[in-house]
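Student: how would this look folded up:
(3 chains)
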Amino acid sequence: MTELSNLVAESVERLRRDKPLVQCLTNIVVANFTANVLLSAGAVPAMVDNPEESEGFASVADAVLVNTGTPYRETAEAMVAAARGAANSNTPWVLDPVGAGMPWRTQVALAALHVATPAVIRANASEVLTLAGTDASARGPEAGDAVEDALTSAAQLVRTHGCVVAISGPVDHILDADRHVTVSSGHEWMTRVTGVGCSLGALTAAFAGVQNDYLIAATSATALLCVAAERAAKRSVGPGAFAQALVDELFLVSPDEVGERGGLRDVTAEI
Amino acid sequence: MTELSNLVAESVERLRRDKPLVQCLTNIVVANFTANVLLSAGAVPAMVDNPEESEGFASVADAVLVNTGTPYRETAEAMVAAARGAANSNTPWVLDPVGAGMPWRTQVALAALHVATPAVIRANASEVLTLAGTDASARGPEAGDAVEDALTSAAQLVRTHGCVVAISGPVDHILDADRHVTVSSGHEWMTRVTGVGCSLGALTAAFAGVQNDYLIAATSATALLCVAAERAAKRSVGPGAFAQALVDELFLVSPDEVGERGGLRDVTAEI
Amino acid sequence: MTELSNLVAESVERLRRDKPLVQCLTNIVVANFTANVLLSAGAVPAMVDNPEESEGFASVADAVLVNTGTPYRETAEAMVAAARGAANSNTPWVLDPVGAGMPWRTQVALAALHVATPAVIRANASEVLTLAGTDASARGPEAGDAVEDALTSAAQLVRTHGCVVAISGPVDHILDADRHVTVSSGHEWMTRVTGVGCSLGALTAAFAGVQNDYLIAATSATALLCVAAERAAKRSVGPGAFAQALVDELFLVSPDEVGERGGLRDVTAEI
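Tutor: The predicted structure is shown next:
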């Protein structure tokens, strides 16, 4: 195994051993699936997403996820408060700016970024383009910009916010100021089940709770989900069976297999 | 195959090819299942249900679903705005007035109907009776009025709103000003899984996004769901397995099988 | 079978025959799973959780569930109103104070208790300690206090509120002023799927709708869920398969098996 594979395998082991408490502020569509993904992977979800409790709970949690999939006035307020609470207690937090490009949630995502530096921004290409101020296509959470077209914008976000940026797509790209990694495992059915992208955001937060090299945390989350997805697809007739098998495989897959079969590549020197 | 079967089979093909973007304003119980049903059938869900974005997004979407299952002040506001946005951009929208008969959601459904004519009202018998101003029993979303008792009220809604009305039950009835179709496929377990009715509303919206004969769109949605349900029930030991298999079968079933085995009947001349 | 086993088996039969209408005010994470658990067990869920309708609907429902998992201003208001409506119409209601210990939801739970006496408080040990005014650990919904440490606090809640208290854990304890029952069936994967505890609250409400000896209602709910879980675990490779199989088994298990294999014990005389 390469050094990268070893670091990823080790992180998966650590996640299962340390069972990080992950505060999730996420959307009504994926809240259940996200919690089950976290539990199956070994983490402990806590969906504390109201403005009375979110800031305080961020100091108790090991990591915080802010996902803008269905922002309402009250949960949006809670998201910004959670980011503030995370910053004040040095709890790592992950921004998953679902649907950025639509006006209200873009504003919420930028407000959260304004109060606190996240460990990782995890997004698709269109969302990265939007956050960096570049025009993206406007089909909402299902926008279809290519990952490769967002790399310059991602590098800009890295510089502006001093955080890791992870862009998901057929090949995932994860970068910080000095390094650039790609993950080329996964399965096309990951786009036929709602919340797979969102659960990657949640897993990224979970890993950030046990691994303070956040580039490795984001890479580990991506590899774990993608290898589990490959295993799940092999024994599924369709997307319904796949969704359930994916949860199983997050529980069953070994850390070494995640490291070895994750399709991990350090491309820092190449790009 | 009859002409009706052919039209339905063709619509299923078109759904899979055109992948309509369906904006869903729905309830917290079924949001996940609805999104998975749409993805599996070939559509692209976008749960944009806040008042800041719902009106504008309705002009980007290919179809809009308004489902009143768990209306809150903010999402109710977003529902009326989405209906207005749909009307202004000629995007077809479907009203699924879940639980109509309870005061608040009845008011929301009527407010949405007031600002815009839907392509289809999809409802159970009690909800149809309520919207038409007839007394219905009052057990909420699980009201037990018979489909046949709601046909007169349905015809009245067709006249008042100039839209298609689809009533679901053991036999589904779908009617507009000139035509009346029944769909007699399906399985009793469709009532043992939450959100099957709601996902029919979502599929109806998806078909309305690719088929502008809305009676055929509603018929296609009903037949697709019912035939998938029959296939799913055959290989399921209980409602848990059935829910997952149903999602699989929406992906697996062929357009021709939907047309042939949908139990479709044009009863315009008979009634 | 002991008398306790017989009473439990009979209650399961009655649930399936009478199909109680259960109004649920619950959280965004488990709403779907809760509804499916209720449907599979034979009850009829109605998620009426807005302040305009919740009080009135409580007089139509056979039982009401108040679960504080993700309280927002509007749903919290609806929860207190539902408790009031339940009290006014003698509808039994169950409090599941998820995450009590966090400030806002503790306040909501206490406000609901202030307006109406519940049939059952169903909670984990930390939540019981909090409601009784004892210090609990503060890891939110996943607090880790031991059931046995909460028995004194539970007895105090029984005296203060005149209701049944059910504490879930590896062994569940259910007590009222005169009796104390333990349930020692179940499976460790019940903690690897989100919402299993919450669905126990919902089943407790369903049983309270058909069995007015609320200690037996709570015991029946616990035994049904635990025996179904044991059966489900036997045929599952991981938590994803288990969640689905659990829903199946609630539908498939016989009333006698629930009574016989529930691990029921009347420990009134021993403690």
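
Student: The nearest residue to A:Gly240 once chain neighbours are set aside and A:Ser40: what is the separation?
Tutor: Nearest-residue entry for A:Gly240: B:Val247, 3.0 Å, with adjacent residues in sequence omitted and distances by CB to CB, 6 or more residues apart in numbering or on different chains. From N, CA and C alone the C-beta is placed, and that goes for glycine too. Distance from B:Val247 to A:Ser40, counting by CB to CB, to the nearest Å: 19 Å.

Student: A:His187 too?
Tutor: 17 Å.

Student: what about these two, which has more around it?
Tutor: A:Ser40 (26 against 20; other CB atoms under 10 Å in any protein chain shown).

Student: Could you verify my assumption that the more buried one touches C:Gly238?
Tutor: Yes: counting by CB atoms under 8 Å, A:Ser40 touches C:Gly238, with 6.8 Å between them.

Student: Mutual contacts of the two, please.
Tutor: When contacts are counted by CB atoms under 8 Å, 6 or more residues apart in numbering or on different chains, A:Ser40 and C:Gly238 are jointly contacted by A:247-248, A:251.

Student: Closest to chain B out of the residues you listed?
Tutor: Nearest to chain B, judged by CB to the nearest CB, of those is A:Val247 at 11.4 Å.

Student: can you pull the contacts of that closest one?
Tutor: Here A:Val247 is in contact with A:33, A:36-37, A:40, C:238-240, C:243 (CB under 8 Å, 6+ apart).

Student: switch to 10 Å and redo it
Tutor: A:33, A:36-37, A:39-41, A:199, A:228, A:232, C:192-193, C:238-244 (CB atoms under 10 Å, 6 or more residues apart in numbering or on different chains).

Student: Please apply the same query to A:Asp96.
Tutor: Contacts of A:Asp96 (CB under 10 Å, 6+ apart): A:24-27, A:65-69, A:109, A:118, A:120-124, A:127, A:166, A:168, A:197-202, A:204-205.

Student: Equivalent analysis for A:Val12, please.
Tutor: Applying CB under 10 Å, 6+ apart, the residues near A:Val12 are A:41-42, A:207, A:210-211, A:220-221, A:223-224, A:227, A:250, A:253-259, A:262.

Student: Next step: those residues restricted to helices.
Tutor: Among the contacts of A:Val12, the members falling in helices (DSSP state H) are A:41, A:207, A:220-221, A:223-224, A:227, A:250, A:255-259.

Student: Who does A:Thr182 form a beta bridge with?
Tutor: Beta-bridge partners for A:Thr182, by DSSP bridges, are A:His173, A:Arg265.

Student: was I right about A:Val227 contacting A:Glu257?
Tutor: Yes: taking CB atoms under 10 Å as the definition, A:Val227 is a contact partner of A:Glu257 at 6.2 Å.

Student: intersection of neighbour lists for the two?
Tutor: With CB under 10 Å, 6+ apart as the test, A:Val227 and A:Glu257 both reach A:12, A:249.

Student: The two: which has the busier surroundings?
Tutor: Just comparing A:Val227 and A:Glu257: by other CB under 10 Å the higher neighbour count belongs to A:Val227, 27 against 19.

Student: returning to what we had before: ok, which of the contacts of A:Asp96 also contact chain C?
Tutor: Counting by CB under 10 Å from any CB of the partner chain, the subset of the contacts of A:Asp96 that neighbours chain C consists of A:24, A:26-27.

Student: Could you dump the residues you listed into JSON lines with secondary structure added?
Tutor: Putting the ones next to chain C among the contacts of A:Asp96 into JSON lines (DSSP: H, G, I helix; E, B strand; the rest coil) gives the following:
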{"residue": "A:Cys24", "secondary structure": "strand"}
{"residue": "A:Thr26", "secondary structure": "coil"}
{"residue": "A:Asn27", "secondary structure": "coil"}
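
Student: Pick out whichever of these sits closest to A:Leu157.
Tutor: A:Thr26 (21.0 Å; CB to CB).

Student: so where's the stretch 151-271 of chain A shaky on pLDDT?
Tutor: A:271 (pLDDT under 70).

Student: and it, which residues reach chain B?
Tutor: So far as CB under 10 Å from any CB goes, the stretch 151-271 of chain A lies against chain B at A:189, A:191-195, A:236-245.

Student: filter these to the buried ones?
Tutor: Neighbour counting with 16 or more other CB atoms under 10 Å in any protein chain shown marks A:189, A:191-195, A:236, A:238-245 as buried within these.

Student: So which of the residues you listed belong to helices?
Tutor: With DSSP H as the criterion, helices contain A:239-245 from among those.

Student: List the contacts of A:Cys226.
Tutor: A:168, A:172, A:183-187, A:190, A:200, A:258, A:261-264.

Student: measure it to A:Val80 for me?
Tutor: A:Cys226 is 31 Å from A:Val80, by CB to CB.

Student: Tell me who's in contact with the residue nearest the centre of chain A.
Tutor: By CA atoms, centre = their mean, the mean C-alpha position of chain A lies nearest to A:Gly201, the distance being 2.0 Å. Taking CB under 10 Å, 6+ apart as the criterion, A:Gly201 is in contact with A:24, A:26, A:30, A:34, A:65-67, A:69, A:94-98, A:120-123, A:166, A:168, A:195, A:218, A:221.

Student: again with A:Gly240
Tutor: A:Gly240 touches A:192-193, B:36-37, B:40, B:232, B:241-252, C:244, counting by CB under 10 Å, 6+ apart.

Student: mind pulling up the phi and psi values for A:Pro170?
Tutor: Dihedral angles of A:Pro170 (phi, psi; degrees, to the nearest 10) stand at phi -50, psi -40.

Student: any idea how far chain C is from it?
Tutor: 24 Å (CB to the nearest CB, to the nearest Å).

Student: How many neighbouring residues does that residue have?
Tutor: 11.

Student: and the stretch 51-200 of chain A, which of its residues are near chain C?
Tutor: So the stretch 51-200 of chain A meets chain C at A:51-54, A:56-57, A:60-61, A:70, A:72-75, A:78 (CB under 10 Å from any CB).

Student: Could you pick out the buried ones from those?
Tutor: Buried among those by 16+ other CB under 10 Å: A:51-54, A:56-57, A:60-61, A:70, A:72-75, A:78.

Student: and the residues you listed as JSON lines, adding secondary structure and pLDDT?
Tutor: As requested, these are exported to JSON lines (DSSP: H, G, I helix; E, B strand; the rest coil; pLDDT from 0 to 100):
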{"residue": "A:Pro51", "secondary structure": "coil", "pLDDT": "98"}
{"residue": "A:Glu52", "secondary structure": "coil", "pLDDT": "97"}
{"residue": "A:Glu53", "secondary structure": "coil", "pLDDT": "98"}
{"residue": "A:Ser54", "secondary structure": "helix", "pLDDT": "98"}
{"residue": "A:Gly56", "secondary structure": "helix", "pLDDT": "98"}
{"residue": "A:Phe57", "secondary structure": "helix", "pLDDT": "98"}
{"residue": "A:Val60", "secondary structure": "coil", "pLDDT": "96"}
{"residue": "A:Ala61", "secondary structure": "coil", "pLDDT": "98"}
{"residue": "A:Thr70", "secondary structure": "coil", "pLDDT": "97"}
{"residue": "A:Tyr72", "secondary structure": "coil", "pLDDT": "97"}
{"residue": "A:Arg73", "secondary structure": "helix", "pLDDT": "97"}
{"residue": "A:Glu74", "secondary structure": "helix", "pLDDT": "98"}
{"residue": "A:Thr75", "secondary structure": "helix", "pLDDT": "98"}
{"residue": "A:Ala78", "secondary structure": "helix", "pLDDT": "98"}
